[in-house]
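# Sharing a model prediction with you, sequence too.
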Amino acid sequence: MFFSFWGSLIIGGIVAYLAEKWDLTHHGVVQAIIIALGGVILLFMVRVMFGLSFGSHGVNAIVGAAGALILIPSEAVQRRRTKRR
């Protein structure tokens with residue numbers, strides 16, 4: 001379980017980086033990675049505590065990271081950045 005946790009975090013970081021690189025979100029790379037890691041940790045804990053999952057640990061990591069990045073309103077962040085300039 002120890003290795004699956006760290007592997008899930010790495011997959012979540014990769015998903016966040018790719019989401020920023022492909023302009024799917026507008027958080028910034030570091031912020032997107034932090035948000036995605038939060039989603040991955042949340043889904044990992046739900047799997048451990050309640051046994052609910054979408055499949056393997058890798059699939060859970062992808063779903064958790066993508067879900068967290070979608071739920072955080074990226075357009076509000078972009079508008080706030082353009083107002084400062």
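Yep, that arrived. Numbering: from 1, shown residues only.

# alpha carbons only for contacts and neighbour counts from here, please
OK.

# The strand or helix carrying G12 packs against which elements?
Taking DSSP states H and E as the criterion, G12 maps to helix 2-21. On a contact count with 3 or more Cα pairs under 8 Å, 6 or more residues apart in numbering; DSSP states H and E, helix 2-21 meets helix 29-50, helix 57-71.

# Okay, now the unreliable bits of the chain?
In the predicted model of the chain, residues 74-75, 77-78, 84-85 satisfy pLDDT under 70.

# List the residues that contact G64.
Listed by Cα atoms under 8 Å, 6 or more residues apart in numbering, the contact partners of G64 are 12, 36, 39-40, 42-43.

# Pull out the buried members of the residues you listed.
12, 36, 39-40, 43 (16 or more other Cα atoms under 10 Å).

# returning to what we had before: which one of the contacts of G64 is nearest to T25?
When the contacts of G64 are ranked by distance to T25 (Cα to Cα), A36 comes first, at 11.4 Å.

# which residues sit in contact with the closest one?
By Cα under 8 Å, 6+ apart, the contact set of A36 is 12-13, 15-16, 64-66, 68-69.

# still on that earlier bit, save the contacts of G64 as a markdown table, and put in distance to M1 too.
Output for the contacts of G64, formatted as a markdown table (distance: Cα to Cα, whole Å):
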| residue | distance to M1 |
| --- | --- |
| G12 | 16 |
| A36 | 20 |
| G39 | 18 |
| V40 | 14 |
| L42 | 15 |
| L43 | 14 |
